[in-house]
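[1] Fold the following for me, if possible:
(2 chains)
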Amino acid sequence: GAVVSQHPSWVICKSGTSVKIECRSLDFQATTMFWYRQFPKQSLMLMATSNEGSKATYEQGVEKDKFLINHASLTLSTLTVTSAHPEDSSFYICSARVGGSEADTQYFGPGTRLTVL
Amino acid sequence: GNSVTQMEGPVTLSEEAFLTINCTYTATGYPSLFWYVQYPGEGLQLLLKATKADDKGSNKGFEATYRKETTSFHLEKGSVQVSDSAVYFCALSHSNYQLIWGAGTKLIIKP
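    Numbering: from 1, shown residues only, chains lettered A, B, ... in the order given. Prediction:
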């Protein structure tokens, strides 16, 4: 149980285009999803916290107009990187919080590697 | 504020060696503690967790005990395998369920 998927697993795009990444909880409902960015050989950087039906809460320094997050349902959150540039190239990982007796536990998707040319 | 400190890597061991990866934390209240593992090119997998003092989390031969008196949650395994090679992250759960992460420790197991 507690499986989280991400799509696509990798994407290459041209500078200036937008890219959408989907995060789905497959066998549970997630009231909260988190989006992270991971640079090579580094720990995860929390970008935003996404609650179903409400606006995402962005961490300091993360541009909300550039990284659009939509949490449309209890099983789906999307991250759209708008007008992508090479410096946006990174590994993006989502996680979902289960709730209930495991409210403190996050389950992670496999990640999406974005390369902007 | 809350923080997690874990030993720097890489840690290189021979197969069947005993593993310890140290993790200490600073936190107010009573956080939950986690170890996550990241295999090359993959996302993170929950390895084990503990939610209160003296709890022991265990999975796949790995163990960690929540020590409030030393604010530690060291990861141990009695006999490592090549397949255990990965990056291991210690983390604590904040009051708003956000995770506070350690820097990660790369583990390399040689046959």
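[2] Next secondary structure element downstream of the lowest-mean-pLDDT helix or strand in chain B?
    Every helix and strand in chain B was compared by mean pLDDT, DSSP states H and E; the lowest is strand B:99-101, with a mean of 91. As assigned by DSSP states H and E, the chain's next helix or strand after strand B:99-101 is strand B:105-110.
[3] That next one - contacts with which helices or strands?
    strand B:11-14, strand B:19-21, strand B:86-93 (3 or more C-beta pairs under 8 Å, 6 or more residues apart in numbering or on different chains; DSSP states H and E). Where C-beta positions appear, they are placed from N, C-alpha and C, glycine not excepted.
[4] can you do 7 Å?
    strand B:11-14, strand B:86-93 (3 or more C-beta pairs under 7 Å, 6 or more residues apart in numbering or on different chains; DSSP states H and E).
[5] May I see the ones you listed organised as a markdown table, with mean pLDDT and mean neighbour count added?
    A markdown table is the format used below for those (pLDDT from 0 to 100; neighbours: other C-beta atoms under 10 Å in any protein chain shown):
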| stretch | mean pLDDT | mean neighbour count |
| --- | --- | --- |
| strand B:11-14 | 97 | 14 |
| strand B:86-93 | 95 | 24 |
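[6] Where does pLDDT dip in the chain?
    The chain I'm using is chain A. A:1 (pLDDT under 70).
[7] hmm, I had chain B in mind actually
    Ranges of chain B meeting pLDDT under 70: none found.
[8] could you redo the last one with a cut-off of 80?
    Across chain B, the ranges flagged by pLDDT under 80 are B:41, B:94-96.
[9] Next one: the residue located most distally from the centre of chain B from residue B:17, what distance?
    Distance from the centre of chain B peaks at residue B:111, with 22.7 Å (C-alpha atoms, centre = their mean). To residue B:17, residue B:111 is 12 Å away according to C-beta to C-beta, to the nearest Å.
[10] Just the CA atoms of the lengthiest strand in chain A, as CSV, please.
    Longest strand in chain A by number of residues, with DSSP state E as the criterion: strand A:90-99. Output in CSV follows, covering the C-alpha atoms of strand A:90-99 (Å, rounded to 0.1, in the frame of the first residue of the first chain):
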residue,chain,number,x,y,z
SER,A,90,16.6,19.2,-11.7
PHE,A,91,15.1,16.1,-10.2
TYR,A,92,11.6,16.9,-8.9
ILE,A,93,10.0,14.6,-6.3
CYS,A,94,6.6,14.6,-4.9
SER,A,95,5.3,13.0,-1.7
ALA,A,96,1.9,12.4,-0.2
ARG,A,97,0.9,12.3,3.4
VAL,A,98,-1.3,9.4,4.3
GLY,A,99,-3.2,10.7,7.3
